[in-house]
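K.L.:
Need coordinates for the below:
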Amino acid sequence: MKSARMFAFCLVAAALADGLSPAAAKVIAINQPALTLTEARIGTLPDAEQAVWLAYLLRSKAQARVDRQSLAAELQPGQTPPPPPQAVGPSHYNMPLDRPAAWYKSAEARHIADTMVSFQTPAGGWSKNQNRAGPARLPGQRYGNDAETMVQDPANFDAPYDRFWTFVGTLDNDATTTEMRFLTRMSEAMPGNEGARYRESIVKGVEYLLAAQYPNGGWPQIWPLEGGFHDGITFNDNAVAKAAMLLQDVAQAPAYRFVPGSLRQRAGAAVGKAVDVILAAQVRRDGRLLGWPQQVDPLTLEPISARNYEPRSVASGETTDVLIFLMNQPSPSPAVRAAIEGGIAWLKQVALRDHAWEKTEDGRKLFPRAGGGPLWSRNYDVVSGLPIFGDKDRSIHDDVNEISVGRRNGYNWWVTAPQEALDAYAGWSRKSASGTSRAD
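P.N.:
Numbering: from 1, shown residues only. Sure thing, here's the model as predicted:
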């Protein structure tokens, strides 16, 4: 089996080196949906592990009921709720974190923060893709937008169970962690009573992150749980690492001294659990440590699919984010060092040079260009290690140029971000050799 896979890999590599797509480009698989976390699935765990997972699941269901009941209680009997907020691009664009300290005392910053607090869910998180610079939430107005697709289609992995209640709240698209980072800047700018409500919101956000963390240390994309791939431990959008980095700051940074000591201690412990699950989820092949998936099953830690065109894979972008997080860990253990070395070696191995991924008259395509790259496929097959590309009809292809134009234009299948990890590694390895440990 190993020799057959290596032979296939060599054929593809040779074809790409010649500037050609593989001669036998084809649909190689049909994407399969991820599984929801259920009591039945938890029942397959060893007896000693079931109680903590069942407690987590029951807590999630209870919080979901509280969130909905709290919203309903804001309306008088028979009162029509306000329309939901309008979806915009990723909301972190209207929550700037890099302004001068004085700006966070301004009326503009306070308006953003007040709107932000108004949209915090009873659980303590936030939804995504909302204009935080817009109006505050009205009584009875939903915390989240309508679903991205309002068509009920069981073949669509991303179709929610409730089109009118989805991503309440989430770590997707940098949601929740960005709100908390913005409110931290507000707290620093307003250390007195005027900043008290922002600090209360941050504490509530810390409690949300701690409640949402799985028993094994990962985080789902949405909590309370929504089902499907959203229940997977999500490395996509750097969700796990950003949640862990924020909690690491809560545990250690002076800016969070207002957080109760018990929560700060729990935050520190949560970071250690996050590192443990990151190490456990790293893909291994033939005894070698490779990269990380976009998401993994919460119970088995096996790679899972997400949307119809997002197959289970080893993902170069997510690997980049995880590696940078690990390289910024103080006093890395031998296991952390081994994970970094394995991930970096894998990125170096799969880098593609002398090619470009650009627009053509027939949509974006991969084509030969001397001196181009390095590029990395967004997804690599878990078994073969070869680049793979998905389409909305769930088909998985071995040639990006063979998928539909819409999917080629609507998704960045070849990326350059892994170079950031390689650059960070150069500094990390020098500092590590000299006795220091942080990449920055």
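K.L.:
The stretch 101-250 of the chain: helices as residue ranges?
P.N.:
107-118, 177-189, 196-212, 239-252 (DSSP state H, counting those that start in this stretch).
K.L.:
any chance of the ones you listed in CSV, plus distance to R137 and mean neighbour count?
P.N.:
Just so you know, the C-beta spots here come from the backbone N, C-alpha and C atoms, and that holds for glycine as well. Converted to CSV, the helices of the stretch 101-250 of the chain look like this (distance: least, CB to CB, whole Å; neighbours: other CB atoms under 10 Å):
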stretch, distance to R137, mean neighbour count
helix 107-118, 4, 18
helix 177-189, 13, 23
helix 196-212, 13, 20
helix 239-252, 23, 23
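K.L.:
Can you redo the ones you listed as CSV, where the extra columns are mean pLDDT and distance to T149?
P.N.:
Shown next, in CSV, are these (pLDDT from 0 to 100; distance: least, CB to CB, whole Å):
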stretch, mean pLDDT, distance to T149
helix 107-118, 98, 26
helix 177-189, 98, 24
helix 196-212, 98, 25
helix 239-252, 96, 21
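K.L.:
out of those, which comes closest to Q50?
P.N.:
Nearest of the helices of the stretch 101-250 of the chain to Q50, taken as CB to CB: helix 196-212 at 19.3 Å.
K.L.:
Tell me the helices and strands packed up against the closest one.
P.N.:
Counting contacts by 3 or more CB pairs under 8 Å, 6 or more residues apart in numbering; DSSP states H and E, helix 196-212 is packed against helix 107-118, helix 177-189, helix 239-252, helix 261-281.
K.L.:
what sits up against the third one?
P.N.:
Contacting residues not belonging to helix 239-252 are listed as 171-172, 174, 176-177, 180-181, 206, 209-210, 213, 218-219, 221, 233-235, 255-256, 259, 263-265, 267-268, 270-271, 274-275, 277-278, 321-322, 324-325, 328 [CB atoms under 8 Å, 6 or more residues apart in numbering].
K.L.:
of the residues you listed, buried ones?
P.N.:
171-172, 174, 176-177, 180-181, 206, 209-210, 213, 218-219, 221, 233-235, 256, 259, 263-264, 267, 270-271, 274-275, 277-278, 321-322, 324-325, 328 (16 or more other CB atoms under 10 Å).
K.L.:
for K128, what are its contacts?
P.N.:
By CB under 8 Å, 6+ apart, the contact set of K128 is P90, S91, G144, F167, T170, D172, N173, D174, A175.
K.L.:
One more pass at 6 Å, please.
P.N.:
Counting by CB atoms under 6 Å, 6 or more residues apart in numbering, K128 touches F167, T170, D172, N173, A175.
K.L.:
The third one and D158: what is the separation?
P.N.:
Just to be clear, that refers to D172. Between D172 and D158 the computed distance is 11 Å (CB to CB, to the nearest Å).
K.L.:
At which residues are the strands of the stretch 1-150 of the chain located?
P.N.:
Defined through DSSP state E, counting those that start in this stretch, the strands belonging to the stretch 1-150 of the chain, from first to last, are 27-30.
K.L.:
Many thanks, I have nothing further to ask.
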